[in-house]
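K.L.:
Build the 3D model from these lines:
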Amino acid sequence: MRYKNEDETAISWRKRKKHFFILSNSGKPIYSRYGDEHKLAGFSATLQAIVSFVENGGDCIKLVRAGNHQIIFLVKGPIYLVCISCTEEPFQALKGQLELLYDQMLLILTKSIDKCFEKNSKFDMTPLLGGTDVVFSSLIHAFSWNPATYLHAYTCLPLRHSTRQAAGAILQDIADSGVLFAILMCRYKVISLFGAQKAVLHPDDMLLLSNFVLSSESFRTSESFSPICLPQFNPMAFLYAYVQYLEVDTYLMLLTTDSDSFFHLKECRIRIENVLVKSNVLSEVQRSMLDGGLRVEDLPGDPTLPSDSVSFRLRRDKSLQGAGSSTGTGRNNGVGGPAGLLHFMYRSNYLDQYVASEFSPPINSRNAQKRLFRAYQKLHTSMHDKDVGPHKMQYRKDENYVLLCWITQEFELYAAFDPLAEKWLRDVENEIFLLEASPLSW
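P.N.:
Okay, the predicted model is just below:
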């Protein structure tokens, strides 16, 4: 919902916590997250004037702070992107979101749009983006829940190895028959994918492509053949994507460089679908969706722990607390996993893939999940800060979580623990510390 009746004079518009704008270097509005961009023409002209004023001084504007608001500017040739936020997200995170928003636009138009502005500085590109507002809005929504937007990795749907092999075998056959990329997905999760020899699909391109398909209702109703651009693969050229939903949330994408290959790709889809049905891949996908992914409650504890050990009693006390009612603050003290683990994300740097545990109590409300997402986001930004890092390990604590991040060449691990773990340690500190010992000097 974009609240088309709002403009910059509306109190409701000014109270929005996070705005996104796309405009041209002549000040023409292209997109606004809230309100009608045409009603915001004056506001867009003001943003353009700010950028031009700084550029005329021989500089490039990146960030303006005004009270608790950050105003982030991203200049991409004749296209200006602006984010106005009071969400306390780090500058680098918001800048990365503007980069993805720009790439989402390139997926629809390619970078060749710059040539139109070279011919006519007042070129109006909004007709070329007609009907794609929902695509941008869907991506902006993903900035508050999808880790792929900052991990730059994709996640897979959990499946038996034999099931994934069956899907992969037929996709590989198709990729060997002249298809550039063959991708089978269930919502934002990859079931299997294969590319032609030496063709590499960047995780960001996969995120933007799946967002484009999932946010466009037309793809659900019939098979489609659309020109698309993969910005990380080649920002200047169109590819052609054949898209067909095989089940409610399961869809196949076949990408090619040939604009006349619709009927060939249709035949490929029929072959793929027949194999997937015969090998029960589609039914296994539906089962996996119902079962969900990894849960911290299912992670094994140490079965060798004696019943009178500290670790055993901490876990037992946690279970007793989890069986109780919610606290007065609305925080449900769920059992969680071993050692107070509430949630984790693991990124394989070699595969550019990540896996995250499912949300469960006490992170079962939308607000709690958003808080954790933002906490991970800040941790990720801090770990990769080139000015003071990068770091290998970081520990943080607030009123909601104890956070730990560990980065090596092979992986990145982000984990959230119950902050009550510290209370449990204090309850047994006489068992785990030598309290009567004199402090040592080093």
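K.L.:
Quick check: pLDDT value at residue 131.
P.N.:
As predicted, residue 131 sits at a pLDDT of 85.
K.L.:
Which of the helices or strands spans it?
P.N.:
In this assignment (DSSP states H and E), residue 131 forms part of neither any helix nor any strand.
K.L.:
One more: the one 10 residues further on?
P.N.:
Using DSSP H and E, the element containing residue 141 is helix 133-142.
K.L.:
Give the partner strands of the helix or strand containing residue 74 in its sheet and their orientations.
P.N.:
For residue 74, the host element (DSSP H and E) is strand 69-76. The strands that strand 69-76 pairs with in its sheet are strand 63-66 (antiparallel), strand 79-85 (antiparallel) (by DSSP bridges).
K.L.:
hmm, back to that, check which residues of the helix holding residue 141 are buried.
P.N.:
Within helix 133-142, the residues that count as buried by 16 or more other Cβ atoms under 10 Å are 133, 135-137, 139-140, 142. C-beta: built from backbone N, CA, C; applies to glycine.
K.L.:
In terms of secondary structure, what does that helix contact?
P.N.:
strand 18-24, helix 91-109, helix 203-214 (3 or more Cβ pairs under 8 Å, 6 or more residues apart in numbering; DSSP states H and E).
K.L.:
Run through who's touching it.
P.N.:
By Cβ atoms under 8 Å, 6 or more residues apart in numbering, the residues outside helix 133-142 that reach it are 2, 18, 20, 22, 31, 33, 97, 100-101, 104-105, 108, 148-149, 207-208, 211-212, 214-216.
K.L.:
same question, stretch 382-394
P.N.:
Applying Cβ under 8 Å, 6+ apart, the contact partners of stretch 382-394 are 90, 92, 379, 403-408, 412.
K.L.:
CA atoms only for that stretch, dumped as CSV, please.
P.N.:
Taking Å, rounded to 0.1, in the frame of the first residue of the first chain, the C-alpha atoms of stretch 382-394 are listed here in CSV:
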residue,chain,number,x,y,z
SER,A,382,30.1,-3.5,12.1
MET,A,383,32.0,-6.7,11.3
HIS,A,384,32.6,-5.6,7.7
ASP,A,385,33.3,-2.0,8.4
LYS,A,386,36.5,-1.3,6.4
ASP,A,387,37.4,1.8,8.5
VAL,A,388,37.7,-0.1,11.8
GLY,A,389,37.9,-3.7,10.7
PRO,A,390,37.1,-6.2,9.3
HIS,A,391,36.7,-8.1,12.6
LYS,A,392,36.9,-11.8,13.2
MET,A,393,34.6,-12.0,16.2
GLN,A,394,32.2,-9.7,18.1
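K.L.:
Which pLDDT value goes with the nearest residue to residue 105 once chain neighbours are set aside?
P.N.:
In this structure, residue 105 finds its nearest non-sequential neighbour in residue 22, 6.9 Å apart by Cβ to Cβ, 6 or more residues apart in numbering. Note on residue 22: pLDDT of 96.
K.L.:
Cool, thanks, talk later.
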